[in-house]
Structure formats: C-alpha cells, structure tokens
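K.L.:
predicted model and sequence below, questions to follow.
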Amino acid sequence: LLTAGVALAMTWRRPGVALLLTAPYMLALVLARATTSELWALAGAAVVLALGLPSVAKSRRRGLAVAGGIVLVAGSQLAMLVELAWVLAAAWLAAVWLAWSTRAAKMRQIADSGTRVAGWAAAGLMAAGLLWLPNVMDGRHLALDEATDGPFDWRHNFLPGSGDLGLFLTVVAASLLIVIVIVAFRGEGHDRRPLVVAAATALVLTLAVSIPAWLLPGMRYLQFPWRFLGPATVLAVMGLGFLSGRWYRFAVIAVLAPLAVLPIRLAPAEGGIPATATPYELATIAHDRWGLAPILPSDQGFYAPDFDRLASLEKFNRQPVSIVAEIRTVREGRWRVVADGAAAVMLPIQWWPEWKVEVGGREVDYRNRSGLVSVETVAGEHVVLARLERSRSRTIGAVVSVFGLSALTLLWVRQRRVGDDDPAG
C-alpha cells in the first residue's frame, strides 16, 4: 500500500517504487519508534500525494483513489491529514502562480483540476466520518494536555535534533534536501515545480523558522515537527521520476545514505525471547537484560495502579491486583480480577468516555490513567465487564459517512456523464 501511490506516478523501469519502502524514515518508524499507525497513514498519503498534485491527470478512477487514500489516512492518524493539507496547498499555490506568470489561459484548467481534487478529498473525508469525527467531538474527554506536554511539546522537537533519533532524523532531512535540490535544478519538465515546492514546504516545517505556522490552532497536536519528513520522503521519491542518468543514481544514493546511521532499538541484546512467554515472563526477561520491566497493555497479565509504561520488577511483583482471565469482542470485554485488597485495576482497553463498566454486576465509575481504563476494586475475586453502547458522536459520525459515500457516488456518476475520464486511469 505504501508504494502503490508512487507506482501510479512513476515508471516501473526504475526502482523508485521499491525505494520508498526501504526509505530511511519509513524504516525508522518501525525499527526505532515502533509506530505502525503513522506508517499506515503514509500508505494513504502516498496515494493522495501521487494523484493529488497538479501535474497528474484527473480521472474519476484517480479521484476515487484520492478519496480512498484520505479514508486510510483518517482511520490511521489524524495528524497526517494536517500534513497533507500543508504540502498540497503549497503545491497548488505554486501551480497557480506558475500558470499566472506564464499563460493566463491555463488558469481555468488549474482551477478545474484543483476543484476536482478538493471535491474527491472532501467526499473521502466525509466517508471516513465514523473513523475520525467521534475523536474530534469527544476530544474534551481525552488527556490532550498530556499528549502535548514535556517530550511531546512541539517546541522541543524541531530539527536539527539531539540524541540518536534526533541526529538520525537530521541526517534524513539533509538527504531529502539534497534530492529536492537535484530535482529542482537537474530535473526534466516544468511539472516538477509544484512537487519541489511541496517537498520544500514539508522540510521547512521541520525547522524552528516555521514557529509562526506551529502557533496556528490544532498544530500542536502533531507533537513532532519532524513528522513532516514522511510526506517529504514520499515527494522526494516521486521526484526521482524527473531525473535520469547520473543525477538519478546520485539522488537514489542520497535517499538511502542515512540508513548507515539508522538507530535500531528493537534488536534484543542477546538471545531470543520465547514466542510463548507470558507477560510476567517477558517482564522478567526485560528486567534481567535492561533493568526495566515493560508492562504492555496488549495481553492478559498484570496492570499496576501506578502504571506509566515502565516499572521496576519489584513494583511489578508488589501489585495488589491482577487479571487472571479475559474474554474480549469488538464491543465488550470481560475480565476476572483477583485483588489482595482495595486497589485500582487497569483494564487492557483504551480509555474512552462511552464505556459502561460493571464490577460484580454493579455499574461503577472509572478513570483515565495513562490512556487506559482504571477501575476501583475491593479484596477478593470479581468479574469486570466493559461494553460500548450507542453514542451520539458515533451516530453522527455514521450519518456523515453515509453522506460522504453518497457524495462519492454522485461524483463518480457526474464525471461519467460528462465523459471526462481517462481510459488509462
């Protein structure tokens, strides 16, 4: 999926498509940051960028692909929608300026093409309403201040960065800048200019000089300015399609060069970890190797009242409450909890204000602790039930999605009636 969008904008004779999958920033997402949501979002972003730039012919099939890419992005990471808005706006403004400065007659074509892209993207965003609208409507319930404070504060995450990951991302940004400069001055065809402007915009937004842009409402929730390296990487690889000869080869080397200093954090120090290890056994192995016991909210196990992602093995062993059995479905979860005394048990589900939680058949209040559902219990063995019921935000999201799907259908039919389609689309 990550390479599909770029494949639509490049020839198969060159290794640019495979290059994107091995690009340093993409590998860093998995090997150094262990984040897959951003990788999925970039998969959709690759499609949107490859088909949403001014230089790409606009057919209804490609328009539908743009809408599909927006749906994938909206269902993976909302921050990527903001990043796409910045780079696409820069590309289309560049296209308008170039059309105005060269041939005014082309302005109408640019306006018509831009309107189509905007229409398909808007319809796709509406179709994904059920995926993102509840998050926005119920945002007041989320611990957003925690998500934008301390190490997550955007003011602390501009490039050039420090530490292993910060230095690596600085090298990645420098390599992408080299590629974009090569495309700008040695590339063939005027269609490359909007792409160059879009990539340059993404790179500038990783630097402290872009602080005024980061003061705009909502920008702080992106947390890390260097996240714009994702769209910049996609655009840089797309830019290889405008190069040939030794400049193409040099640009490929520039894209891959940062791999030499990629910090890999997930490789175990020694030996392997048994695939059948229980959460407790994993914690013991981690403690023996690194001195810390990670408590992972992804499986049956122990959940500390003071859970904060990492805890010492001693604290891990002293917890007065544990989950000894669980049954989960899409809408509900049931856990058997054993407690030595009054304590708070952390359920392995993401906190959300629309959960209904029962302990021993009686509905109880719950709290948000480190993004998980925390429930007070007393001594003994209890059955804790959590279930999701119909909510106003999800109902509205579903209605918006229906309207979005209707809009996509209308756009498809209308473009077919006017015969404005590309047989190779």
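P.N.:
Received the coordinates, thanks. Residues are numbered from 1 along each chain as shown.

K.L.:
quick check, L385 in a strand?
P.N.:
Yes. Residue assignment for L385, taken from DSSP: H, G, I helix; E, B strand; the rest coil, places it within a strand.

K.L.:
neighbours around it, how many?
P.N.:
Neighbour count for L385, taken as other Cβ atoms under 10 Å: 17. Backbone N, C-alpha and C define where each C-beta goes, glycine included.

K.L.:
do you know how far it is from L176?
P.N.:
Between L385 and L176 the distance is 50 Å, computed by Cβ to Cβ, to the nearest Å.

K.L.:
for L49, same thing?
P.N.:
Computed with Cβ to Cβ, the distance linking L49 and L176 is 14 Å.

K.L.:
same thing with A90?
P.N.:
Separation of A90 from L176 (Cβ to Cβ) stands at 15 Å.

K.L.:
what do you get for A94?
P.N.:
If you measure A94 against L176 using Cβ to Cβ, the figure is 18 Å.

K.L.:
between the two, which is the more surrounded one?
P.N.:
Set side by side, A94 and L176 give different neighbour counts by other Cβ under 10 Å, the larger being at L176 (28 against 20).

K.L.:
what's around W412, how many residues?
P.N.:
For W412, the tally of surrounding residues (other Cβ under 10 Å) stands at 18.

K.L.:
tell me the contacts of the nearest residue to A208 once chain neighbours are set aside?
P.N.:
What sits nearest to A208 in space, not counting adjacent residues and going by Cβ to Cβ, 6 or more residues apart in numbering, is F158, at 4.5 Å. When contacts are counted by Cβ atoms under 8 Å, 6 or more residues apart in numbering, F158 is found next to T206, L207, A208, P225, W226.

K.L.:
so can I have TSV of those showing secondary structure, pLDDT and neighbour count?
P.N.:
Rendered in TSV, the data for those read as follows (DSSP: H, G, I helix; E, B strand; the rest coil; pLDDT from 0 to 100; neighbours: other Cβ atoms under 10 Å):
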residue	secondary structure	pLDDT	neighbour count
T206	coil	96	25
L207	strand	95	15
A208	helix	94	11
P225	helix	94	24
W226	helix	94	26
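
K.L.:
pick out the most distant pair among those residues.
P.N.:
In the contacts of F158, two members sit farther apart than any others by Cβ to Cβ. They are A208 and W226, at 11.7 Å.

K.L.:
on that earlier part again, need the contacts of F158 in JSON lines (columns: distance to S162).
P.N.:
Shown next, in JSON lines, are these (distance: Cβ to Cβ, whole Å):
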{"residue": "T206", "distance to S162": "14"}
{"residue": "L207", "distance to S162": "15"}
{"residue": "A208", "distance to S162": "13"}
{"residue": "P225", "distance to S162": "14"}
{"residue": "W226", "distance to S162": "12"}
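
K.L.:
looking at those, spot the one nearest V402.
P.N.:
When the contacts of F158 are ranked by distance to V402 (Cβ to Cβ), P225 comes first, at 36.3 Å.

K.L.:
for that closest one, which residues are in contact?
P.N.:
In this structure, P225 makes contact with W154, N157, F158, L159, L205, T206, L207, S210, W214, judged by Cβ under 8 Å, 6+ apart.

K.L.:
which of these fall within helices?
P.N.:
Within the contacts of P225, membership in helices is found for W214, as judged by DSSP state H.

K.L.:
out of the contacts of P225, which one sits closest to R60?
P.N.:
Distances from the contacts of P225 to R60 were compared by Cβ to Cβ; the smallest belongs to L205, at 32.1 Å.

K.L.:
show me which of the contacts of P225 is closest to E376.
P.N.:
Nearest to E376 among the contacts of P225: W154, at 35.6 Å, using Cβ to Cβ.

K.L.:
can you get me a residue count around the closest one?
P.N.:
As a burial measure, W154 scores 19 neighbours (other Cβ under 10 Å).

K.L.:
and S37, by the same measure?
P.N.:
S37 is flanked by 13 other residues according to other Cβ under 10 Å.

K.L.:
now do the strands in this protein.
P.N.:
293-294, 310-311, 321-328, 332-339, 343-350, 355-359, 362-364, 367-369, 372-377, 380-388 (DSSP state E).

K.L.:
so which of the ones you listed gets nearest G129?
P.N.:
Of all the strands of the chain, the one in closest proximity to G129, counting by Cβ to Cβ, is strand 380-388 (17.6 Å).

K.L.:
how about low-confidence regions in the stretch 201-350 of the chain?
P.N.:
Per-residue confidence of the stretch 201-350 of the chain (counting by pLDDT under 70) places the weak regions at 264-275, 277-284, 286-324.
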